[in-house]
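K.L.:
Sequence first, predicted coordinates after that:
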Amino acid sequence: MNKYRNRKVEVDGIVFDSKKEAKRYQELKLLEKAGAIQNLRMQEKFVLIPSQYVTVGYTKTGKPKQKCVERECTYVADFVYLEDGNLVVEDTKGFKTKDYIIKRKLMLERHGIRIKEI
């Protein structure tokens, strides 16, 4: 059990973070089979803020040497699919952390995507 009291659940050989997420996966698989949604994907990564680099010197050929000072900030969606030709990014939430709320806002600002919360 993790800090949010979720139990990991396995469905179709895939381990989910919660029973709620596993149940939603089964629902989405049925919707995909029925043709209501297409191209169901899981754990798709979206870059919200790219890695930040600084120049720390130059090579003999004059090419700058870069050092990463901040790693990229990403959001990983539980599910992504097409519904009526529109991209849907879905997150199965039991508890909304401060980090998640910031990432949700960045998804809208950076990618123009509103996360569908289940």
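P.N.:
Arrived safely, thanks for sending.
K.L.:
Can you classify the spatially most central residue of the chain by secondary structure?
P.N.:
Centrality entry for the chain: nearest residue to the mean C-alpha point is V76, 1.6 Å, by CA atoms, centre = their mean. Here V76 is recorded as strand under DSSP: H, G, I helix; E, B strand; the rest coil.
K.L.:
just checking, what's the longest helix in the protein?
P.N.:
Longest helix in the chain by number of residues (criterion: DSSP state H): helix 19-34.
K.L.:
ok, and for that helix, which residues are buried?
P.N.:
By 16 or more other CB atoms under 10 Å, the buried positions in helix 19-34 come out as K20, E21, A22, R24, Y25, L28. Using the backbone N, CA and C atoms, a C-beta is placed for each residue, glycine as well.
K.L.:
Not counting residues beside it along the chain, what's closest to the second one?
P.N.:
Right, the one you point to is E21. T92 (4.3 Å; CB to CB, 6 or more residues apart in numbering).
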